[in-house]
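1. coordinates only, sequence not included:
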């Protein structure tokens, strides 16, 4: 099985939210550690970014109705956190809605490279992570939830969404466990169980 690391919405504007400000350093460090392990195992990295036009004409209803000027294309706030190890060979996918699959090239890319398993990281658990994981599950991708690299500005809904996803739509794993899998090339070799966490 071929695996891909999918990192969702790790952008400057989102980390301005008070619920994520204090999590930024730890999340970035854990994400970079996972990226390093993925690169060593030759697992492709895909960065998913939310971006809207300045007039919000391509934004979701919530953003339009509230005139929420966030992750505007070309602005510093739409950039990935600068401390993250993004490299030129990585794929960047721009989305306009919660799911990384909706209206993007992601599924086509994954099919082209023969991906069957997604390792998912990023924010926010209850929104873009959850909808992306649901869509991945519906497309028969095996999903690993990178537990040290997933969070939300809303702790309560993070916990509810994690409980909903883990063991049903995907398998939650720590970086330590993911590192073991990546180093031993077990990722992509055999089905996973809840005991693999």
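-> Perfect, thanks for sending it. Because the structure is predicted, anything quoted here is derived from the model rather than measured.
2. Flag every buried residue along the worst-scoring helix or strand of the chain on mean pLDDT.
-> Every helix and strand in the chain was compared by mean pLDDT, DSSP states H and E; the lowest is helix 175-184, with a mean of 91. Of the residues in helix 175-184, 175, 177-179, 181-182 count as buried by neighbour count, 16 or more other Cβ atoms under 10 Å. Heads up, the C-betas are built off the backbone N, CA and C, glycines and all.
3. How about stretch 129-142?
-> For stretch 129-142, by 16+ other Cβ under 10 Å, it's 129-137, 141-142.
4. now do stretch 74-83
-> Going by neighbour count (16+ other Cβ under 10 Å), the buried part of stretch 74-83 is 77-81.
5. what is the rounded mean pLDDT of the top helix by length along the chain?
-> Criterion DSSP state H: the longest helix present in the chain is helix 24-40. Mean pLDDT, helix 24-40: 97.
6. likewise stretch 101-111?
-> pLDDT averaged over stretch 101-111 gives 97.
7. Which residues does that stretch contact?
-> Counting contacts by Cβ atoms under 8 Å, 6 or more residues apart in numbering, the residues outside stretch 101-111 that touch it are 4, 6, 46, 48, 91, 93-97, 100, 118, 131-132, 135-136, 139, 141.
8. Residue 113 against residue 44, yeah?
-> Yes - using Cβ atoms under 8 Å, residue 113 is in contact with residue 44, at 6.8 Å.
9. Among these two, which residue is more densely surrounded?
-> residue 44 (18 against 10; other Cβ atoms under 10 Å).
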